[in-house]
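**Student:** just need the structure, nothing else, for what follows:
(2 chains)
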There are 2 protein chains.
Amino acid sequence: MRYFAGIDLGGTSAKLGLVDGEGNILKQATVRINAQAQFVEIMAPIARRLKELNQTAGGGLTAIGIGTPGFIDSRSGLLLGGAENIPALKGNSLVSFLSDEFKVPVSADNDATCAAAGELKFGIGRNYANFVLITLGTGIGGGLVLNGRVFRGSRGFAGEIGHLCLDPDGLWCNCGSRGCFEQYASAPAMIRNYREKRQKRGQVTANNFNAPELFKAARQGDPCAETVIQDAACAIARVLGILINLLNIEACIIGGGVSRAGGQLLNPVINYLDDFTWPLMRKDVALHIAQLQNDAGLLGAAAQALERVSP
Amino acid sequence: MRYFAGIDLGGTSAKLGLVDGEGNILKQATVRINAQAQFVEIMAPIARRLKELNQTAGGGLTAIGIGTPGFIDSRSGLLLGGAENIPALKGNSLVSFLSDEFKVPVSADNDATCAAAGELKFGIGRNYANFVLITLGTGIGGGLVLNGRVFRGSRGFAGEIGHLCLDPDGLWCNCGSRGCFEQYASAPAMIRNYREKRQKRGQVTANNFNAPELFKAARQGDPCAETVIQDAACAIARVLGILINLLNIEACIIGGGVSRAGGQLLNPVINYLDDFTWPLMRKDVALHIAQLQNDAGLLGAAAQALERVSP
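**Tutor:** Predicted coordinates:
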């Protein structure tokens, strides 16, 4: 039986899974990562664990897909930057390392591109030939599917939706630009806005206050939480409007941790969307919360490998 | 000898040409249009003249490409809107009409998409697999080339770059949205800004003042003209930054009437561009003025027909 490996590489652990062509996870495991270790020290235990999984599953491993934060050059396989919490990845090729170990096709993509591939192969994206996925979490990422294929751009970097400029005089972003989308609708941005609104009103917010609590507060009628979510929804609608007018897509999918808020996030986005789109382009666009939530990273990593080898 | 027809349909005339696979114009003609006439009255003389050209050239017509303003549904061939200065086009199919007359493949594209096809086949775009073209004129249009092919989106409407939102509280646009790019960098927007700046200073601007005069005034040291061009260049750089971060393209090409200003427009755009791009994405992007200037519409219309039938 043929199956694909997905490796979802994060700052504290790598999630591994063997996934069949329908998106069923046959085997899975988690390998702890010491983010400060050398490259081989990080990768060798991942390779070892993956070999064990493959043996148990019958040795049908066909291709390996890796998802990581940051920029992976699709020509060289080198991770060029943007994964600063695991310094040893920079300038190394996850692809070469695992190709040497497994002798099967290996490919690496940015985690948001993987998420788009996951929805295309195994999720709600199966219904569309042209869609964008945005992942709202600690940062904001994006993935594009155009004409039925994942679109990666000339070097594999396409989809940096979190750094589209919404305001040239806006907040400075850690990318060096000002007014990036990420500064308005990521989880930390929403929590910062909430904290500052409350501070203005003489109210203190707990240090570990998080996005699910923000949405809960809004459901309970907290006006600061409500306006923060409205403002984020407006920023999301602006960006989706740009994508719709530019790419004439059929669907927008919102994933990432913040998307667990479901309709509480999606409905205000839909309310704003008409303000930022041509009616003719808007008419045919469906908005969805990502279908893959748990294991989205692992499934997405496997899906991009499957998508690359499938016709 | 095989060749392609290009028809560039405008509000006062249609330019026709027979173009070979290298972009040489073999024959050309112009047909006057009565913009208020019925559909058949507009199209029949165009078809007649094209038949004459084809007979003179030896009858090798292989495919016909039409470029028009507005939205052409790529499935039905119907022009759905956006060409208000020729009302009879709306709801009619230029494609069906000419297919019936000529029995060769006929295709229609928005004029900016044609311009991108023209640069891809016959211009500076030949060197790139991924680029965007923006046309700056009375309005702003855009065309996308991705993975070596013209990208049209799900219904053929992709590339509405003139209506990307730069400011949700900005000027109202005739599309119904606010703060569209077109309100900041089209020729009328630049002239309006110049007129208002001068009015504030008690200076009168001629009614028929135009874009070439604006650039000339700036060359002569007129500070209002200089700042208007700088502001437009900043808006252009913002939009190109969005496109670069989103699509990881290799080149941006600026066409349309305003692009005749050449380096006087391009250089301030380049100066601003770093503010709005990831350095890693910016690094590999070339900026160009469109290579096809005269006959760009006609060549672009022929090029999209050629591009559709070529592998």
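**Student:** can you tell me how far residue A:104 is from chain B?
**Tutor:** Residue A:104 sits 25 Å away from chain B, going by CB to the nearest CB, to the nearest Å. C-beta coordinates here come from the backbone N, C-alpha and C atoms, glycine included.
**Student:** actually residue A:83, sorry about that
**Tutor:** Going from residue A:83 to chain B by CB to the nearest CB gives 13 Å.
**Student:** measure stretch A:197-215 end to end?
**Tutor:** Stretch A:197-215 has an end-to-end distance of 15 Å (CA to CA, to the nearest Å).
**Student:** avg pLDDT for stretch A:161-180?
**Tutor:** Stretch A:161-180 carries an average pLDDT of 94.
**Student:** again with stretch A:29-36
**Tutor:** 93.
**Student:** now do it: distance from first to last residue.
**Tutor:** For stretch A:29-36, the separation between the terminal residues is 21 Å (CA to CA).
**Student:** and what of stretch A:97-116?
**Tutor:** Start-to-end, stretch A:97-116 (CA to CA) is 25 Å.
**Student:** and that stretch, what's buried?
**Tutor:** Applying a neighbour-count criterion of 16 or more other CB atoms under 10 Å in any protein chain shown, one finds A:97-99, A:101-102, A:104-116 buried in stretch A:97-116.
**Student:** among the residues you listed, name the ones in strands.
**Tutor:** The members of the buried residues of stretch A:97-116 that map onto strands under DSSP state E are A:106, A:107, A:108, A:109, A:110.
**Student:** for the first one, what are its contacts?
**Tutor:** The one in question is residue A:106. With contact taken as CB atoms under 8 Å, 6 or more residues apart in numbering or on different chains, residue A:106 is in contact with A:63, A:64, A:65, A:66, A:94, A:95, A:98, A:99, A:305.
**Student:** can you give me the buried ones in the helix or strand encompassing the last one?
**Tutor:** When elements are defined using DSSP states H and E, residue A:305 is found to belong to helix A:296-309. Going by neighbour count (16+ other CB under 10 Å), the buried part of helix A:296-309 is A:296-308.
**Student:** what does stretch A:203-223 give?
**Tutor:** Buried residues in stretch A:203-223 (16+ other CB under 10 Å): A:205, A:211, A:213, A:214, A:215, A:217, A:218, A:222.
**Student:** how near is residue A:193 to residue A:18?
**Tutor:** 41 Å (CB to CB, to the nearest Å).
**Student:** between these two, tell me which one has more neighbours.
**Tutor:** residue A:18 (25 against 21; other CB atoms under 10 Å in any protein chain shown).
**Student:** tell me the secondary structure of that one, please.
**Tutor:** strand (DSSP: H, G, I helix; E, B strand; the rest coil).
**Student:** that one: what's it in contact with?
**Tutor:** Neighbouring residues of residue A:18 by CB under 8 Å, 6+ apart: A:3, A:4, A:5, A:25, A:26, A:27, A:28, A:53, A:54, A:57, A:61, A:302.
**Student:** contacting residues for the first one?
**Tutor:** Pointing back at residue A:3 there. Going by CB under 8 Å, 6+ apart, residue A:3 touches A:18, A:19, A:20, A:21, A:26, A:57, A:60, A:61, A:62.
**Student:** distance check, the first one against residue A:58.
**Tutor:** Spelled out, that is residue A:18. As judged by CB to CB, residue A:18 and residue A:58 stand 10 Å apart.
**Student:** please apply the same query to the third one.
**Tutor:** The spacing between residue A:20 and residue A:58, counted by CB to CB, is 12 Å.
**Student:** by contact count, what packs against the strand or helix carrying residue A:48?
**Tutor:** Here residue A:48, judged by DSSP H and E, is contained in helix A:39-57. Packing contacts for helix A:39-57, counted by 3 or more CB pairs under 8 Å, 6 or more residues apart in numbering or on different chains; DSSP states H and E, involve strand A:3-9, strand A:13-19, strand A:25-32, helix A:94-102.
**Student:** that older thread, which strands or helices does the helix holding residue A:305 pack on?
**Tutor:** Here helix A:296-309 touches strand A:3-9, strand A:13-19, strand A:25-32, strand A:61-68, strand A:106-110, helix A:111-122, strand A:149-151, going by 3+ CB pairs under 8 Å, 6+ apart.
**Student:** what pairs with the second one, parallel or antiparallel?
**Tutor:** In other words, strand A:13-19. Its sheet considered, strand A:13-19 pairs with strand A:3-9 (antiparallel), strand A:25-32 (antiparallel) by DSSP bridges.
**Student:** angle of that strand against helix A:111-122?
**Tutor:** Angle, strand A:13-19 to helix A:111-122, by axes from the mean of the first three to the mean of the last three CA atoms, to 10 degrees: 20 degrees.
**Student:** buried set for strand A:13-19?
**Tutor:** Neighbour-count burial for strand A:13-19 [16+ other CB under 10 Å]: A:14, A:15, A:16, A:17, A:18, A:19.
**Student:** ok so, going back, need the buried residues of helix A:296-309 in TSV (columns: pLDDT and distance to residue B:257).
**Tutor:** Conversion of these to TSV gives the following (pLDDT from 0 to 100; distance: CB to CB, whole Å):
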residue	pLDDT	distance to residue B:257
A:296	93	47
A:297	93	48
A:298	96	52
A:299	97	49
A:300	97	45
A:301	97	48
A:302	98	50
A:303	98	45
A:304	96	43
A:305	96	47
A:306	96	47
A:307	93	42
A:308	91	43
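**Student:** report the central residue of chain A.
**Tutor:** Nearest to the geometric centre of chain A sits residue A:112, at 3.0 Å (CA atoms, centre = their mean).
**Student:** and which of the buried residues of strand A:13-19 is nearest residue B:82?
**Tutor:** Distance to residue B:82 across these (CB to CB) is lowest for residue A:19, with 44.5 Å.
**Student:** wait, that closest one sits on residue A:26?
**Tutor:** Yes - in this structure, residue A:19 is within contact of residue A:26 by CB atoms under 8 Å, at 6.9 Å.
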